[in-house]
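In: The following block contains a protein sequence and its predicted model.
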Amino acid sequence: MSPATTPDDPADAAALARYAADLGDALERAVPAWVERSVRRVLEVQDIAVDGPLAAEIADAARRAGGDAGPRVRALLATDVDEQAGNPLAIVRSVVAYPTEVLRAAGARPVPRDEFAERNFPDDVYDLSPAAFADVDPALHEPGLVWGAAKAHVHLARRRREGRR
């Protein structure tokens, strides 16, 4: 039996939608600031000065990353839990290309990374990929955790209704 023929508990569905909206809003606010902080941190460690044109490039990369991640995260969060391919953090990791582009153009050197990072994020030569929502912004920890728990709850409730759990 599919979820379409056995509807979710309305309270569970409403809660999941609310938590998804909260996470989407929080990520939309956090991603541009995270990109800017990430670029500036690498530049500072490597003693690369940020002049006016570079500051404009950083701001543009932050805006573009947010404009890329925001709609994709919202689309994912609006997708039925059984149809979701990937997760919001994977989308955030994918926009590492924007700060990487700025860092390369500014002459930043790639940084040492562990084997896991090299294997799983081969294009992230500045080791920017967040391991958790809190790495993007500490304020994302709770909305990410709550959304993940609500998604798991809906998923497990469906399996129980299907007699699979």
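Out: Ah, there it is. Computed from a prediction, not measured in an experiment: that's the story for all the values here. Numbers count the residues shown, from 1 in each chain.

In: correct me, but residue 30 touches residue 136?
Out: Yes: using Cβ atoms under 8 Å, residue 30 is in contact with residue 136, at 5.2 Å. In this view, the C-beta of every residue, glycine as well, is placed from N, C-alpha and C.

In: tell me what the lowest-mean-pLDDT helix or strand in the chain is packed against?
Out: Within the chain, no helix or strand scores below helix 141-161, which has a mean of 93 by mean pLDDT, DSSP states H and E. Applying 3 or more Cβ pairs under 8 Å, 6 or more residues apart in numbering; DSSP states H and E, one finds that helix 141-161 contacts helix 10-45, helix 88-94, helix 133-136.

In: in it, what's buried?
Out: Using 16 or more other Cβ atoms under 10 Å as the test for burial, helix 141-161 gives 143-144, 146-148, 150-151, 153-155, 157-158, 161.

In: Show me the contact partners of the helix or strand hosting residue 118.
Out: Residue 118 belongs to helix 115-120 when elements are defined using DSSP states H and E. With Cβ atoms under 8 Å, 6 or more residues apart in numbering as the test, helix 115-120 has contacts from 124, 127, 129.

In: can we see that at 7 Å?
Out: If you take Cβ atoms under 7 Å, 6 or more residues apart in numbering as the criterion, helix 115-120 is touched by 124, 127.

In: buried sites along that helix?
Out: Buried residues in helix 115-120 (16+ other Cβ under 10 Å): residue 117.

In: what does stretch 31-47 give?
Out: So stretch 31-47, judged by 16+ other Cβ under 10 Å, has buried residues 31, 32, 34, 35, 36, 37, 38, 39, 40, 42, 43.

In: now those residues in a markdown table, with pLDDT and distance to residue 62?
Out: Below are the buried residues of stretch 31-47 laid out as a markdown table (pLDDT from 0 to 100; distance: Cβ to Cβ, whole Å):
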| residue | pLDDT | distance to residue 62 |
| --- | --- | --- |
| 31 | 98 | 8 |
| 32 | 98 | 4 |
| 34 | 98 | 8 |
| 35 | 98 | 4 |
| 36 | 98 | 5 |
| 37 | 98 | 9 |
| 38 | 98 | 9 |
| 39 | 98 | 8 |
| 40 | 98 | 10 |
| 42 | 98 | 14 |
| 43 | 98 | 14 |
